[in-house]
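Undergrad: 3D, please:
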Amino acid sequence: MTRQDVFHEGEVSLQERSGSRSEARRNGAMIAATLHPAMRSFLAEQRMLALAAPDAQGGLSAHVLFGVPGMATAEEGQVVTLGRSRLLGSQLEPPWADLVPGTRLGLLAIDLATRRRLRVNGTVSSTSDEAVRVTVTEVFPNCPKYIQRRRLVESSGPPAGASLTRGTRLDEARRDTIQRSDTLFVASHHPRRGADVSHRGGAPGFVQILDDQTLRIPDYPGNGMFQTLGNLAVSRDAGLAFVDFARGRILQLSGRTSLRFDVAEDSRHPTGGTGRSWDFQVEGWIESLAPAASRWELLERSPFNPVAGGAPQAG
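TA: The predicted model follows:
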């Protein structure tokens, strides 16, 4: 990938619209095609990954994976290996059933305790019962904004099995999960560039529930590159994964998006001054149990979180 084409047309259009084109060019210098040694060390230490992958219905899904150190490695810097034996929970559920060579994936390694995160996008090169190998196309770090700091609390309980509940409309229980949530992951994609997964965080309730099939998600100030919204400007398909750390649940939603610009700031659901948000039309949802050995204790909310009334969120 040359520096001239590091951003696709959707990203460029939003950079120009927001006036962040110069900032994006500067930050785009960190996008690389291989993991340097410090990135490889960080990746190998992680116990939590988010993943964007196509689903069996032709849409996109966002997944949250928990495991032990070594669940993701990149010994040579250009291939990431997901070691299936190092993951907690069921290995029979998606995304594994849908991964074949040529599948485009987005990966996000995130350390909640230090608020560090690393995005790795690429293409599945091989799969086996032991591992999935992904050839890297781009990799870059993200800033620590909007990450709620948490510490892993070990549990002696058994891993969760494939306890799944499904639906197409947001009932009271699913609404409650969303209203409690301060962390979600977004899967998006570009027809030529492939899949990407990003983190979104805020004070509990930062995602607005408009009705039983529609969510509104604010777009807070970021790094000006617009990887997620740039993808959504080109392809409306997306997947969301909400993590309910307190109750050990993961709520995955699939659906379609629409972007909103230049909207008046709503003090009840602030955008942090950007005037940007996006609506998510739910087409289906799955809720499952997180592995019992992946319980997390909240230490501090992000000081960058906008809250009702427009003030930053205190820690």
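
Undergrad: Residue 216 against residue 271, yeah?
TA: No. With contact defined as CB atoms under 8 Å, residue 216 does not reach residue 271; the gap is 10.1 Å. Just so you know, the C-beta spots here come from the backbone N, C-alpha and C atoms, and that holds for glycine as well.

Undergrad: So which of the two has more stuff around it?
TA: residue 271 (20 against 16; other CB atoms under 10 Å).

Undergrad: Which secondary structure element is home to that one?
TA: Secondary structure from DSSP states H and E places residue 271 outside every helix and strand.

Undergrad: so what's the closest residue to it other than its chain neighbours bridging to?
TA: Distance criterion CB to CB, 6 or more residues apart in numbering; nearest residue to residue 271, sequence neighbours excluded, is residue 218 at 4.3 Å. Residue 218 has these beta-bridge partners by DSSP bridges: residue 277.

Undergrad: thinking again about what came up before, overlap in contacts, residue 216 and residue 271.
TA: residue 277 (CB atoms under 8 Å, 6 or more residues apart in numbering).

Undergrad: Just give me the neighbour total for the nearest residue to residue 225 once chain neighbours are set aside.
TA: In space, and not counting its chain neighbours, residue 225 is closest to residue 24: 4.7 Å by CB to CB, 6+ apart. Residue 24: 22 surrounding residues under other CB under 10 Å.

Undergrad: how far away is the residue lying closest to residue 103 once chain neighbours are set aside from residue 251?
TA: Counting by CB to CB, 6+ apart, residue 103 lies nearest to residue 124, which is 4.3 Å off, once chain neighbours are set aside. With distances taken as CB to CB, to the nearest Å, residue 124 is found 25 Å from residue 251.

Undergrad: Between these two, which is the more surrounded one?
TA: residue 251 (22 against 18).

Undergrad: list the contacts for the more buried one?
TA: 174, 177-178, 181, 241-242, 244, 285-287.
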